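Novice: Need coordinates for the below:
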Amino acid sequence: MQMRLFLRRKDELFWTLAFPVLFILLFGAIYGNSKWEGMSIRSIDYLLPGIIVMGAMVTGIMRTATGFVQEREQGYTAFGADTVNEDNTDRQSIIAAIIS
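Specialist: Numbers count the residues shown, from 1 in each chain. As a prediction, the model looks like this:
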């Protein structure tokens, strides 16, 4: 089910899959098979792990941000409020429902 929800969100798909691939293609086109001075590996081989980590970080940031917005719209989070949603459900009940 989570996979279907993920595939429906085009913005998350772009930032998760296409953005890192675009960076790999961009830096591959810029540097190609060239080697930087003083290094024995190709430039793209040096940059690739960083691009992969950047893709993972962007994915985490996007999921956290969209999850927070969804919870905010559903009334699970309220800044400094004792009552969280329109039904006057207390915070402990909501947290218990989320955990279980």
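Novice: longest single helix anywhere in this protein?
Specialist: In the chain, assigned by DSSP state H, the helix with the most residues is helix 43-74.
Novice: now the closest residue to V58 other than its chain neighbours: how far from L47?
Specialist: The shortest distance from V58 to any residue that is not its chain neighbour, by C-beta to C-beta, 6 or more residues apart in numbering, is 5.1 Å, and that residue is W15. The way it works is simple: take the backbone N, C-alpha and C, and place the C-beta from them, glycine included. W15 sits 19 Å away from L47, going by C-beta to C-beta, to the nearest Å.
Novice: and the residue nearest to V58, how many neighbours?
Specialist: Using other C-beta atoms under 10 Å, W15 has 17 other residues around it.
Novice: now do G55
Specialist: 19.
Novice: residues contacting the nearest residue to it once chain neighbours are set aside?
Specialist: In this structure, G55 finds its nearest non-sequential neighbour in P20, 3.4 Å apart by C-beta to C-beta, 6+ apart. P20 makes contacts with 51-52, 54-55, 58, as judged by C-beta atoms under 8 Å, 6 or more residues apart in numbering.
Novice: picking that back up, the residue nearest to V58 touches T59, doesn't it?
Specialist: Yes: look at W15 against T59 with C-beta atoms under 8 Å: they come within range, at 7.0 Å.
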